[in-house]
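>>> Sharing a model prediction with you, sequence too.
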There are 2 protein chains.
Amino acid sequence: MKALDVKRPVCIVGLGLIGGSLLRDLTAAGRLSVYGYNRSTSGTRTAVREGFDASDDLDAVLRRAAEDNALIVLAVPMGAVGPLLDKIVELAPHCGITDVVSVKKPVYEEIRARGLESRYVGGHPMAGTEFSGWRASREGLFNRAAWVVTYDYAAELDAAGERVPQEWIDIFSDVVRLTHAVKAEAVPARVAHHDAAVARVSHLPHVVASALSIVGDNGGTLAQSLAAGSFKDATRVAGTAPELQRAMCESNADALVAALDEFIAILHDARAGLDSEKPDVSELVEAGHRTRVRLEARSGARKESVSPVKISSRPVLRLHPGGPNWVRQLAQTEDLGGRIEIF
Amino acid sequence: MKALDVKRPVCIVGLGLIGGSLLRDLTAAGRLSVYGYNRSTSGTRTAVREGFDASDDLDAVLRRAAEDNALIVLAVPMGAVGPLLDKIVELAPHCGITDVVSVKKPVYEEIRARGLESRYVGGHPMAGTEFSGWRASREGLFNRAAWVVTYDYAAELDAAGERVPQEWIDIFSDVVRLTHAVKAEAVPARVAHHDAAVARVSHLPHVVASALSIVGDNGGTLAQSLAAGSFKDATRVAGTAPELQRAMCESNADALVAALDEFIAILHDARAGLDSEKPDVSELVEAGHRTRVRLEARSGARKESVSPVKISSRPVLRLHPGGPNWVRQLAQTEDLGGRIEIF
């Protein structure tokens, strides 16, 4: 599918790993105006030297966004979202807004607190590494990654039998086009469902990586010398900057506690199986193996395909935003973990 | 350092991922006689067709080992070790014995039960993948991996002021040479210390991978669709054959329960930090980050080096087996997680 162009300029606020990689990909795509703000003067200078349209003057960048009616992408840590939205209300009050923050409820609360719902469509690319900052950004980071696109505003209006404003539909469409422009796959999800899902598959793995890293370290130099692939892979994301890990775990605390309780309960069962005359972890490892093979089978189809055409493992729904039943179709796609294409 | 040749033929019993990769590497090294037994007739046939000296007749292979005084490598799952040792006692009673099993105490108990201590030096290469069988074996699997070499027999004699027999010293030396022949690094460790260390850095990661895979799966298709690098890396080894995971976890149950208790206690602290008015996981992620960076710094030296000569990150001790104080030097090296070279 040839990606349709985003219908307006894109203004990225925050050029770290995610925002920076987005600037690189959209600039490389070459069909639209894209520029960004970076708080770090040296990071900005590096980006400019590499040929990107970047500035460390937030007010100027937001005024420019207001002038050319850009789609503003919030690519800052959760803690900076509120103050940034205040700036946007002041300097670019009519722009569409999306974000790339790894939790969606706290962002949506900041949006609601300022009455910006009709101009906001949340986003979260499921891509990244344990590194951060402009220097860690790279082209192609989002290739085939799921990019969550939220639609609570439309779902709520639809449930109340009200019409979704065209302005919001246009922003939604542009956010989907933006995900396609960087070769990601747009997965619709409501805020609460997103947060519960990523608590399981992203935030819990971070907590686990840290805890495991500590237990390995407690084993002293012999244990560390013997640590090989299984340990290094399982602890990799513990190397992520602590403030970024805190931001995502602490702002999704409720969902993370629920996932953690489930996880701890499984470990207690495993412990009981081990702490007996005839140690037995068959239940754990068999369920673990079954679920892991299922995950691999689902996401692995494209790897095993002999066709040169890459095939996504996510079911696709092609829909026309604003068309009949489209919000219900989004919910159905969400239930399947599917992706959407728009026309 | 040019690896010194193993001074006798090598007979590998079990040609799975580890035994098969060992057969490939030693055959490629080309300086010594190496052959193996595989229970699977089709696996054996494949190995023979690929040009390896393999057989599915265990009795014949062990008789051959007895004739040419081979070093026998036990490369079978824990459950098969006892019966195999009975066969060796019957058919190759004078051969030196080593093994590649991922737990050392249960193997040593089987050795002691048959009075074979003076002919046994335990081994454990810290290398592998989530796949198994001859088909998963490959050349180069052990490159730069730690290969634990146990020395409890010598340590006990030394502590009692007794002389370590030359026969055992020769087997120990050949096991170290064997690790070097496949480009691994020989890390001396006593059985109990090995088992405690791998409970932390290998068996616990397997338990964690399974538990995490189950929690992700419980999240349904949306969570699975959103699972990306952190989840996939952290759950990878849950894909290992369940019977292999059971064999290692259940036969190292005591040490694994201790590591699991430590791990669960850290998770409880993290949970308490999250389940509050002002969620806070700073203590966890800061310690996790610190320990992970330390691990990376220690094992990463060779990656960052600009020298074309690869430098190991493990401190090295060069020693002469049987020389003055050599057993004490092994213990010192073990405390540092270091490696040995022999002359």
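It's in. In this text, all values refer to a predicted model and were calculated from it rather than measured experimentally.
>>> Spell out which residues of the stretch 1-150 of chain A are next to chain B.
Applying Cβ under 8 Å from any Cβ of the partner chain, one finds that the stretch 1-150 of chain A approaches chain B through A:126-129, A:145-146, A:148. C-beta coordinates here come from the backbone N, C-alpha and C atoms, glycine included.
>>> Can you check those and name whichever has the most neighbours?
Going through the residues of the stretch 1-150 of chain A next to chain B with other Cβ atoms under 10 Å in any protein chain shown as the criterion, the one with the most neighbours is A:Val148, at 29 neighbours.
>>> about what we covered before: among the residues of the stretch 1-150 of chain A next to chain B, which lie within strands?
Secondary structure of these is defined by DSSP state E; positions in strands are A:146, A:148.
>>> Identify, from the residues of the stretch 1-150 of chain A next to chain B, the entry nearest to chain B.
Distance to chain B across the residues of the stretch 1-150 of chain A next to chain B (Cβ to the nearest Cβ) is lowest for A:Met126, with 4.1 Å.
>>> farthest pair in the residues of the stretch 1-150 of chain A next to chain B?
Pairwise distances across the residues of the stretch 1-150 of chain A next to chain B (Cβ to Cβ) peak at 18.5 Å, for the pair A:Thr129 and A:Val148.
>>> Show me what the helix or strand where A:Gly273 lies packs onto, helices and strands only.
Here A:Gly273, judged by DSSP states H and E, is contained in helix A:253-274. Contact here means 3 or more Cβ pairs under 8 Å, 6 or more residues apart in numbering or on different chains; DSSP states H and E; on that basis helix A:253-274 packs against helix A:191-198, helix A:204-218, helix A:282-304, helix B:204-218, helix B:253-274.
>>> need those helices in JSON lines with distance to A:Pro315, can you?
Rendered in JSON lines, the data for the helices and strands packed on helix A:253-274 read as follows (distance: least, Cβ to Cβ, whole Å):
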{"stretch": "helix A:191-198", "distance to A:Pro315": "16"}
{"stretch": "helix A:204-218", "distance to A:Pro315": "25"}
{"stretch": "helix A:282-304", "distance to A:Pro315": "10"}
{"stretch": "helix B:204-218", "distance to A:Pro315": "18"}
{"stretch": "helix B:253-274", "distance to A:Pro315": "34"}
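>>> dump the residue contacts of A:Ala240.
Slight slip there: residue A:240 is Thr, not Ala. Taking Cβ atoms under 8 Å, 6 or more residues apart in numbering or on different chains as the criterion, A:Thr240 is in contact with A:130-132, A:206, B:289.
>>> From A:Glu296, how far off is it?
24 Å (Cβ to Cβ, to the nearest Å).
>>> With A:Pro106 instead?
Applying Cβ to Cβ, one obtains 33 Å for the distance of A:Pro106 from A:Glu296.
>>> now do A:Gly96
Applying Cβ to Cβ, one obtains 38 Å for the distance of A:Gly96 from A:Glu296.
>>> More neighbours: which of these two?
More neighbours sit around A:Gly96 than around the other of A:Gly96 and A:Glu296, counting by other Cβ under 10 Å; the figures are 26 against 17.
>>> List just the nearest of the contacts of A:Thr240 to A:Leu71.
A:Ser132 (23.6 Å).
>>> Test my guess that that closest one contacts A:Glu243.
No: the pair A:Ser132 and A:Glu243 fails to qualify as a contact (Cβ atoms under 8 Å) at a distance of 9.1 Å.
>>> Between these two, which is the more surrounded one?
Comparing A:Ser132 with A:Glu243 by other Cβ under 10 Å, the one with more neighbours is A:Ser132, at 18 against 14.
>>> tell me the SS of that one?
When the structure is split into helix, strand and coil by DSSP: H, G, I helix; E, B strand; the rest coil, A:Ser132 lands in coil.
>>> now swap in the one 3 residues further on and tell me
Assigned with three-state DSSP, A:Arg135 falls in the helix class.
>>> so how many other residues sit close to A:Gly273?
Based on other Cβ under 10 Å, the number of other residues close to A:Gly273 is 20.
>>> Please read the previous query as pertaining to A:Pro242.
Residues within reach of A:Pro242, counting by other Cβ under 10 Å, total 19.
>>> Tell me who's in contact with it.
Counting by Cβ under 8 Å, 6+ apart, A:Pro242 makes contact with B:282, B:285-286, B:288-289.
>>> can you check A:Ile18 too?
Contacts of A:Ile18 (Cβ under 8 Å, 6+ apart): A:75, A:100, A:125, A:127-128, A:137, A:141.
>>> what's the domain layout of chain A?
Domain assignment for chain A by automatic domain parsing gives A:10-189+A:312-342, A:194-280.
>>> ends of the first one, how far apart?
In terms of Cα to Cα, to the nearest Å, the two terminal residues of domain A:10-189+A:312-342 are separated by 19 Å.
>>> Let me see the mean pLDDT of it.
The average pLDDT for domain A:10-189+A:312-342 rounds to 96.
>>> so where do the helices sit in the stretch 51-200 of chain A?
Across the stretch 51-200 of chain A, reading from the start of the chain, the helices by DSSP state H, counting those that start in this stretch fall at A:58-67, A:81-91, A:105-113, A:152-159, A:166-181, A:191-198.
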